[in-house]
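*Asks:* Please find the sequence and the predicted model below.
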Amino acid sequence: MKKILSFASKNHSDMVKDTEEEVSNLPDEKEGRSEPRKRKKAMYKAVRDQMDFYLGDANMSKSTFLTQKILESDSSQEAAWLDLNLFLTFNKLASMLRELFGRTDTTDDLWKALKSMTSEIFEVRENGESVRQIRRIKPLPEQPNIESVEARTIYVELNYVDPSTITNDMIRHVFSKYGNVSYVSMPKFKHNGLPKGFAFIEFSDEDGAKNSMIAFVKAKRKIPSALDPSELQSIKSYNIEQEELEKSETKSKKQSVSQPSPAKKCKVEEEEEATETQKKKRKRKHNEDDSEQQDPLTMFQMMPKAEWKRLRNKYLELQVPILFFDSNKSADKFLI
């Protein structure tokens, strides 16, 4: 297996560790005191960028959860303040804060980070009841035209790379060389939480999609338009998930006949959790030791989302019994 990008070699916890060591061994010189400040600023910026993503137009146009919360807070959409603690329930942000600041209770850390960094997307305040709140500066975006979104979105598949070693941030980093990446969708399997091996990348304009297409065509890494639809990773992963669903249903029926004792069940769950934790640690260590850079063009192959959608629809039309679906709906709703 080819090696992954070097920017995967350092995670947030490493940065925290480095920062703590430098602070504890801080010399008296003024120059020495500036480095921890730079690191803290970088940590705060990472938090700010994540909140920019959550409340940015690209995500808000897709997030029914946040949209509903804003409408519940203020139907006018003009002054919809949300409780900042709401965002601590988001797994990615919560995990990021724990790794950055090295503690479980990161409520104050989130507040300090957002207070210290300015944003064009949101603003924060502490109301009269000492409740920390956040809101979008602009009203909610209008629902974008589907054709316009598809024109600036590409479909990519991982090539010779373990999908579990790739994150949304890595993909965003790789493809930002072609244009501003506004949204990355990397679907995961429901039964194990692992990435399915493909992603959709939405640029802020069509130029980003065109630039990436030119680069991948030149490198002969474009997925053929005449490809057998069943060879698409999105469809392969869809079939895998259906098989896992059938296995799960069969297993549930068997378990209903013979249920293990609560103590035994608890022990099994603890063992499975411990095993999964060990796997993640080994994988993280592998990433940290892997420092050789690799050309992104060898990591992915791609095609325009419109072409992917056509192949997806062709596959669905060939299925028996015929599946009823609306081909104008967002392509993300099917086979991912």
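*Replies:* That came in fine, so what should we check first? Numbers count the residues shown, from 1 in each chain.

*Asks:* which secondary element of this structure has the worst mean pLDDT?
*Replies:* helix 12-24 (a mean of 43; mean pLDDT, DSSP states H and E).

*Asks:* Let me see the confidence value for residue 104.
*Replies:* Residue 104 carries a pLDDT value of 89.

*Asks:* does it really touch residue 98, like I thought?
*Replies:* Yes - with contacts counted by Cβ atoms under 8 Å, residue 104 reaches residue 98, the gap being 6.3 Å. (Glycine included, C-beta is placed from N, CA and C.)

*Asks:* neighbour count winner among those two?
*Replies:* Neighbour count, other Cβ atoms under 10 Å: between residue 104 and residue 98, residue 98 has more, with 17 against 8.

*Asks:* For the more buried one, give me its contacts.
*Replies:* By Cβ atoms under 8 Å, 6 or more residues apart in numbering, the contact list for residue 98 reads 104, 106.

*Asks:* Now do it against residue 228, distance only.
*Replies:* Per Cβ to Cβ, to the nearest Å, residue 98 is found 44 Å from residue 228.

*Asks:* Residue ranges in this structure under the pLDDT threshold?
*Replies:* Along the chain, the model assigns pLDDT under 70 to residues 1-33, 74-79, 253-296, 320-336.

*Asks:* Domain map for it?
*Replies:* Per automatic domain parsing, the structural domains of the chain span 12-136, 146-244+293-333.

*Asks:* Is it possible to get a markdown table of the ones you listed that adds distance to residue 250?
*Replies:* Below are these laid out as a markdown table (distance: least, Cβ to Cβ, whole Å):
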| stretch | distance to residue 250 |
| --- | --- |
| domain 12-136 | 29 |
| domain 146-244+293-333 | 11 |
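
*Asks:* among those, which is the most enclosed?
*Replies:* Neighbour counts (mean count of other Cβ atoms under 10 Å) averaged over each of the domains of the chain peak at domain 146-244+293-333, with a mean of 17.

*Asks:* any idea how far it is from the chain center?
*Replies:* In terms of Cα atoms, centre = their mean, to the nearest Å, the centre of domain 146-244+293-333 is found 14 Å from the chain centre.

*Asks:* Kindly format the C-alpha coordinates of the one helix or strand residue 71 maps to as PDB.
*Replies:* Residue 71 belongs to helix 64-73 when assigned by DSSP states H and E. What follows is helix 64-73, C-alpha atoms only, in PDB (Å, rounded to 0.1, in the frame of the first residue of the first chain):
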ATOM      1  CA  THR A  64     -31.700  20.600   8.400                       C
ATOM      2  CA  PHE A  65     -30.800  20.200  12.100                       C
ATOM      3  CA  LEU A  66     -29.100  23.600  12.400                       C
ATOM      4  CA  THR A  67     -31.600  25.300  10.100                       C
ATOM      5  CA  GLN A  68     -34.400  24.000  12.300                       C
ATOM      6  CA  LYS A  69     -32.700  25.200  15.500                       C
ATOM      7  CA  ILE A  70     -32.300  28.700  14.000                       C
ATOM      8  CA  LEU A  71     -35.900  28.900  12.900                       C
ATOM      9  CA  GLU A  72     -37.000  27.700  16.300                       C
ATOM     10  CA  SER A  73     -34.900  30.400  17.900                       C
END
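
*Asks:* tell me what that helix is packed against?
*Replies:* helix 57-60, strand 82-83 (3 or more Cβ pairs under 8 Å, 6 or more residues apart in numbering; DSSP states H and E).

*Asks:* show me where the stretch 51-200 of the chain has strands.
*Replies:* 82-83, 122-126, 132-136, 153-158, 181-185, 198-203 (DSSP state E, counting those that start in this stretch).

*Asks:* Just the CA trace of the fourth one, in CSV.
*Replies:* Read it as strand 153-158. Extracted C-alpha coordinates of strand 153-158, given in CSV (Å, rounded to 0.1, in the frame of the first residue of the first chain):
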residue,chain,number,x,y,z
THR,A,153,-18.9,19.4,-7.3
ILE,A,154,-16.8,16.4,-8.1
TYR,A,155,-16.9,12.7,-7.1
VAL,A,156,-13.6,11.1,-6.0
GLU,A,157,-12.6,7.6,-5.1
LEU,A,158,-9.6,6.6,-3.0
